[in-house]
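Engineer: fold the following for me, if possible:
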Amino acid sequence: MTRPPFVDAHVHLWDLAHIRYPWLSPPFDDSGPNGSTEAIARNYLLDDYLADAGKWNVRGIVHIDAGAPPERALDETEWLEGIAATRGMPNAIIAYAPLDSDDVEPLLEAHAAHPHVRGIRQIVNWHINPMRTYSPHDVTQEDDWWRGYGLLAKYGLSFDLQCYAGQMAGLAPLIARHPDIPVIINHVGMPVTSDREGVTRWRHGLQTLAAFEHVSIKLSGLGFVYRDWTIEQVRPFLIEAIELFGTHRCMFASDSPTDKLFAPFDAYLEAYHTLVADFSEDERRDLFGRNANRIYRLGLDL
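Structural biologist: Alright, predicted model coming up:
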């Protein structure tokens, strides 16, 4: 079976001599949501990515903010624009901005002035378990955050939503209010299987957001579901997400190099191809490339 063109919808690059990323800096321990990140705390540049992805017919990549400190967010965008200008990738940049900040609008305007910027991500995962949470409180229910989110349409920006299922219902009114802000759910909605009724909460959360046609989802981040994942374990989550959103609103992505903490790059792509081996050619081409090309407005000829 011919491999369809792959547009990787979730990639991180970093030069640790250029920007210091707190989550990639010592001391390292296993207490955070990712576990220890020491194994990937080294430069990961475009050539490193292309070496990992060498056999998968990559035609484009979408760079997602890599966790730079707020004061370096624009520096990351400028660095990536320089790479894109000389190498042709990344094909889109999803930059970081703290939407709850009183002065976020000048940063949104500055990001949007760069030709490859398509959207914003601010990781908003909040969980009562300190081993799971990315933030000390749920910023998504603050008035300032709702105001900042509402500014995205003014600058033609989408929003990459990385949250937990328990936050999805509370976000639904905001997402419904702004149909002109495309939303892309990260990492298959990050189900927390160890929570009481965690899978049910995840299912209900995705059902709520899938009702909005301007919301899509990335099939990625398998290591956040089970660190030692197998295709048998993750298949139900991936298939259910595809059933809820349809093959026209789902995108496969590697989340490289973060997900290399849990398995090699090739393991993810092999799992994805196995998962949809019986899908039609059109469906596979959508899932592996055409949806990301459309949703992130890449303008690639696929």
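Engineer: can you classify His63 as helix, strand or coil?
Structural biologist: strand (DSSP: H, G, I helix; E, B strand; the rest coil).
Engineer: neighbours of it, how many?
Structural biologist: His63 is flanked by 27 other residues according to other Cβ atoms under 10 Å. Heads up, the C-betas are built off the backbone N, CA and C, glycines and all.
Engineer: give the contact list for the spatially most central residue of the chain.
Structural biologist: Closest residue to the average C-alpha location of the chain: Asn186 at 4.1 Å, with Cα atoms, centre = their mean. By Cβ atoms under 8 Å, 6 or more residues apart in numbering, the residues touching Asn186 are 10, 64, 121, 160-162, 218, 220-221.
Engineer: tell me the one of those nearest Ile93?
Structural biologist: Ile64 (8.5 Å; Cβ to Cβ).
Engineer: can you list the buried residues in the lowest-mean-pLDDT helix or strand in the chain?
Structural biologist: When each helix and strand of the chain is scored by mean pLDDT, DSSP states H and E, helix 222-225 comes last, with a mean of 93. By 16 or more other Cβ atoms under 10 Å, the buried positions in helix 222-225 come out as 222-225.
Engineer: same thing with stretch 150-169?
Structural biologist: 151-152, 155, 157-168.
Engineer: what is the neighbour count of His187?
Structural biologist: Neighbours of His187 under the rule other Cβ under 10 Å: 23.
Engineer: give me the nearest residue to it, chain neighbours excluded.
Structural biologist: Take His187 and drop its neighbours on the chain: the residue closest to it by Cβ to Cβ, 6 or more residues apart in numbering is Gly221, 2.6 Å away.
Engineer: against Asn291, how distant is that neighbour?
Structural biologist: Note on Gly221: its distance to Asn291, by Cβ to Cβ, to the nearest Å, is 17 Å.
Engineer: can you pull out the strands in this protein?
Structural biologist: Applying DSSP state E to the chain gives strands spanning 6-11, 58-64, 92-96, 117-121, 158-161, 183-185, 215-219, 250-252.
Engineer: make CSV out of these and add distance to Asp102.
Structural biologist: Output for the strands of the chain, formatted as CSV (distance: least, Cβ to Cβ, whole Å):
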stretch, distance to Asp102
strand 6-11, 30
strand 58-64, 25
strand 92-96, 17
strand 117-121, 16
strand 158-161, 19
strand 183-185, 23
strand 215-219, 28
strand 250-252, 33
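Engineer: how about those strands in a markdown table, adding distance to Leu209 and mean pLDDT?
Structural biologist: Listed next are those as a markdown table, based on distance: least, Cβ to Cβ, whole Å; pLDDT from 0 to 100:
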| stretch | distance to Leu209 | mean pLDDT |
| --- | --- | --- |
| strand 6-11 | 17 | 98 |
| strand 58-64 | 19 | 98 |
| strand 92-96 | 18 | 98 |
| strand 117-121 | 16 | 98 |
| strand 158-161 | 8 | 98 |
| strand 183-185 | 7 | 98 |
| strand 215-219 | 5 | 98 |
| strand 250-252 | 13 | 98 |
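Engineer: what about these, which gets the closest to Ser194?
Structural biologist: Using Cβ to Cβ, the strands of the chain put strand 183-185 closest to Ser194, at 20.4 Å.
Engineer: who does that closest one touch, helix- and strand-wise?
Structural biologist: The contact analysis (3 or more Cβ pairs under 8 Å, 6 or more residues apart in numbering; DSSP states H and E) places strand 183-185 against strand 158-161, helix 198-210, strand 215-219.
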